[in-house]
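Undergrad: Take this sequence and fold it.
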Amino acid sequence: MHTIESGSWDVIVIGSGIGGLTAAAALAKEGKRVLVLERHTQLGGLTQAFERNGFRFNVGVHYIGGAGEADGRSGPAKKVFDMLTPHGIPMASMGPVYDRVHFPGMTIDFEHPVERLVQALKARFAGEAAGIDRYFESMQAARKALEAVFAAHSMPQLVSRGLMWWKDEEIQRWVGRTLMEVIRECVADPKLQAVLAAQWGDHGGRPSQASFALHAAVMSSYFDGAWYPVGGSAVFAEAFAQAVRAGRGDLRTGETVAAIRVHDGRVQGVTLESGVSIDAPCVISDAGVRNTLRMLPSEEVDYDWARDVLEIEPSVGYVGMYLGLEGDIAANGASTANDWIYESWDVDQLWRNPLIEPDAPMMFVSFPSLKDPRHDPGPQQRHTCEIVTFVDPDAFTPWEHEGMKRGDARDPGYLEMKERIEQNLLSQFARHFPRLAPMVRFVTSSTPISVATYTGAEHGAMYGLATTPERFLSDALRPRTPIGGLVLAGQDACCPGVTGALTGGLMAAISVEPRLLALLR
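TA: Model (predicted):
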């Protein structure tokens, strides 16, 4: 083992998801020497893209709230993009309808501004008008309560506890209760309850388990519209990497951090799987809090501060299916709006055994090529479709050892499951989009095994830790840790999604350099 570039880095960032990249770009802007280390060969985490057979697919970005302009005002995500990247990140509006929720015999358009959505819900559920108003009022109160939690988590612990005590009643009412508990308190119609909870996949918390405040924060981010990155999700890594390099930073792919070195309660740097050590007085981890804990030396660290974190399970896993199509898909059922398709009115289900259950309980269907004004379909009108369905990760446990295996090296049982999943999802897609099914020219898929391999996410979880009330009430899930110089970033330090991870990255950067507080404001 040997030390390289001793003393040349102010901060090491582990992981290049949007949280890690945001923290790195913000600190580079302040003149810090920042080194980003990414285990995969490509930057971006779940914002990365890949190409197969001439079709380009996104891994995890389908739309973002607060990323454009509404009524002449820039949304919060757009402000950060504009401040931290050299030229901003262009965003395309998805139009008035951003989500279309389908149930047996009923389809509801989720439209902005929010007044149109409220009007549509009242027209469909006329007897629940008062309850609908109560629900949307609850969303605003819940969002403020969650913001108070995040504010407290960014403060020194003594001040933080004071704020949490002062806001305790509101926090327990909105952050401390589940999505379905609050919905049932507002409205009585079971079908309306299902409609209001249907988009839980945007934060990965099943309605029976997710904090209501999180759902409120994510859903209200779309009230002024939803946007899609021009050029696809890979533009995030490109723009933030440019910002890091324009400062005094660098980014390296294919570098797996094996350990975070700690001595006398302070970070000393990291050790790579290759055995190389890199010194730095500060390490920001965007690898997820549980992965971060595994990197710490047990002989140097007291884990008692994170005991409750170890009791929070990872969030749901997912299967992604990526379709390449040829033809005029817009004339045959595709649109810029995302389609949430439920096979029943039970919105709390996961696909528990894809080998036995032919249908996924829910499919999220997105057509990125229609959202991206930079996409050139060419004379063959080549387009892409991305399908997501949430699964029980236990169904994939027998193959967690598969990792980076390819071709004949893969377990036949795993290959059989992947093939069965693709066949079932294609059949399900064909029933809901019969005119598009004949246009499919290419199919590939990912599983929780794929996600764990490429991102390091535990059990292939899409959103880090489970989005339960306990997650947001945990005192350990804050950027600052008791270990000097160790800071947490990304989804686990804040909340799921691009905007949540973006905010988590900003909070981490501010913990290192308080002058950046103006950005968060």
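Undergrad: where's residue 362 relative to residue 199, distance?
TA: For residue 362, the distance to residue 199 equals 10 Å [CB to CB, to the nearest Å]. Yep, even glycine has a C-beta here, placed from its N, CA and C like the rest.
Undergrad: what is in contact with the two at once?
TA: Overlap of the contact sets of residue 362 and residue 199 (by CB atoms under 8 Å, 6 or more residues apart in numbering) consists of residue 340.
Undergrad: And the two? Which one has more around it.
TA: For residue 362 and residue 199, the more surrounded residue by other CB atoms under 10 Å is residue 362, and the numbers stand at 23 against 20.
Undergrad: who's in contact with the more buried one?
TA: With contacts defined as CB under 8 Å, 6+ apart, the neighbours of residue 362 are 201, 340, 341, 342, 343, 347, 349, 389, 390.
Undergrad: among the residues you listed, which two are most distant?
TA: Spanning the widest gap among the contacts of residue 362 are 201 and 343, at 14.4 Å by CB to CB.
Undergrad: who's more crowded, the two?
TA: For the pair residue 201 and residue 343, the greater number of neighbours falls to residue 201 (22 against 17), based on other CB under 10 Å.
Undergrad: what's the neighbour count on the residue lying closest to the more buried one once chain neighbours are set aside?
TA: Setting aside the residues directly before and after it, residue 201 is nearest to residue 364 in space (CB to CB, 6 or more residues apart in numbering), at 5.6 Å. Here the number of neighbours of residue 364 (other CB under 10 Å) works out to 21.
Undergrad: now residue 364, what's its secondary structure?
TA: Three-state call for residue 364 (DSSP: H, G, I helix; E, B strand; the rest coil): strand.
Undergrad: Figure out how far stretch 205-216 is from the centre of its chain.
TA: Between the centre of stretch 205-216 and the centre of its host chain there is 15 Å, according to CA atoms, centre = their mean, to the nearest Å.
Undergrad: Can I get it as CSV, trimmed to CA atoms?
TA: What follows is stretch 205-216, C-alpha atoms only, in CSV (Å, rounded to 0.1, in the frame of the first residue of the first chain):
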residue,chain,number,x,y,z
GLY,A,205,-42.4,4.3,-0.6
ARG,A,206,-45.5,2.1,-0.6
PRO,A,207,-48.6,4.0,0.6
SER,A,208,-48.9,1.9,3.7
GLN,A,209,-45.2,2.6,4.7
ALA,A,210,-44.1,6.0,3.2
SER,A,211,-44.0,9.2,5.1
PHE,A,212,-46.9,11.4,4.0
ALA,A,213,-44.7,14.5,4.1
LEU,A,214,-42.3,13.0,1.5
HIS,A,215,-45.2,12.2,-0.9
ALA,A,216,-46.5,15.7,-0.4
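Undergrad: Okay, buried residues for that stretch please.
TA: 205, 206, 207, 209, 210, 211, 212, 213, 214, 215, 216 (16 or more other CB atoms under 10 Å).
Undergrad: So what pairs up with residue 102 in the strands?
TA: Here residue 102 shows beta-bridge partners residue 107, residue 341, assigned using DSSP bridges.
Undergrad: Can you give me the domain assignment for the protein?
TA: The chain breaks down into these structural domains: 3-57+78-88+229-312+464-520, 114-224, 317-459 (assignment by automatic domain parsing).
Undergrad: just those: most buried one?
TA: Among the domains of the chain, domain 3-57+78-88+229-312+464-520 has the highest mean neighbour count (mean count of other CB atoms under 10 Å), at a mean of 21.
Undergrad: which of the buried residues of stretch 205-216 lies closest to residue 309?
TA: Nearest to residue 309 among the buried residues of stretch 205-216 is residue 211, at 15.6 Å by CB to CB.
Undergrad: contacting residues around the closest one?
TA: Going by CB under 8 Å, 6+ apart, residue 211 touches 146, 175, 176, 177, 178, 179, 205, 467, 468, 469, 471, 472.
Undergrad: Is it correct that the fourth one is in contact with residue 210?
TA: No - in terms of CB atoms under 8 Å, residue 177 does not count as a neighbour of residue 210; the distance is 10.1 Å.
Undergrad: what about residue 381, distance to residue 325?
TA: Distance from residue 381 to residue 325, counting by CB to CB: 8 Å.
Undergrad: CA atoms only for stretch 479-497 - export them in CSV, please.
TA: This file holds the C-alpha atoms of stretch 479-497, laid out as CSV (Å, rounded to 0.1, in the frame of the first residue of the first chain):
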residue,chain,number,x,y,z
PRO,A,479,-24.9,15.5,6.3
ARG,A,480,-22.6,15.9,9.3
THR,A,481,-21.5,12.8,11.1
PRO,A,482,-19.8,12.4,14.5
ILE,A,483,-16.6,11.5,12.6
GLY,A,484,-14.6,14.6,11.9
GLY,A,485,-14.4,15.3,8.2
LEU,A,486,-17.0,12.6,7.2
VAL,A,487,-20.1,14.0,5.5
LEU,A,488,-23.1,12.2,3.9
ALA,A,489,-24.6,13.4,0.6
GLY,A,490,-27.4,12.3,-1.8
GLN,A,491,-30.7,10.6,-1.2
ASP,A,492,-30.0,9.2,2.2
ALA,A,493,-28.9,12.6,3.5
CYS,A,494,-32.1,14.3,2.2
CYS,A,495,-34.8,12.5,0.2
PRO,A,496,-35.3,10.5,-3.0
GLY,A,497,-35.2,11.7,-6.6
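Undergrad: Mind checking the pLDDT average for that stretch?
TA: Averaging pLDDT along stretch 479-497 yields 92.
Undergrad: For that stretch, what is the distance to the chain centroid?
TA: The answer for stretch 479-497 is 15 Å, by CA atoms, centre = their mean.
Undergrad: before we move on, what about stretch 285-295?
TA: That offset, for stretch 285-295, works out to 16 Å (CA atoms, centre = their mean).
Undergrad: How about stretch 52-64?
TA: 15 Å.
Undergrad: Ok, stretch 228-244 next?
TA: Chain-centre distance of stretch 228-244: 16 Å, with CA atoms, centre = their mean.
Undergrad: With stretch 155-166 instead?
TA: The chain centre lies 27 Å from the centre of stretch 155-166; the measure is CA atoms, centre = their mean.
Undergrad: So what touches it?
TA: So stretch 155-166 is in contact with 148, 149, 151, 152, 153, 171, 475, 478, going by CB under 8 Å, 6+ apart.
Undergrad: can we see that at 10 Å?
TA: Stretch 155-166 is touched from outside by 148, 149, 151, 152, 153, 154, 171, 473, 475, 478, 480, 482, with contacts defined as CB atoms under 10 Å, 6 or more residues apart in numbering.
Undergrad: With distance to residue 81 and secondary structure added, can I get the residues you listed in a markdown table?
TA: Conversion of these to a markdown table gives the following (distance: CB to CB, whole Å; DSSP: H, G, I helix; E, B strand; the rest coil):
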| residue | distance to residue 81 | secondary structure |
| --- | --- | --- |
| 148 | 25 | helix |
| 149 | 25 | helix |
| 151 | 22 | helix |
| 152 | 26 | helix |
| 153 | 23 | helix |
| 154 | 21 | coil |
| 171 | 30 | helix |
| 473 | 30 | helix |
| 475 | 31 | coil |
| 478 | 24 | coil |
| 480 | 25 | strand |
| 482 | 33 | coil |
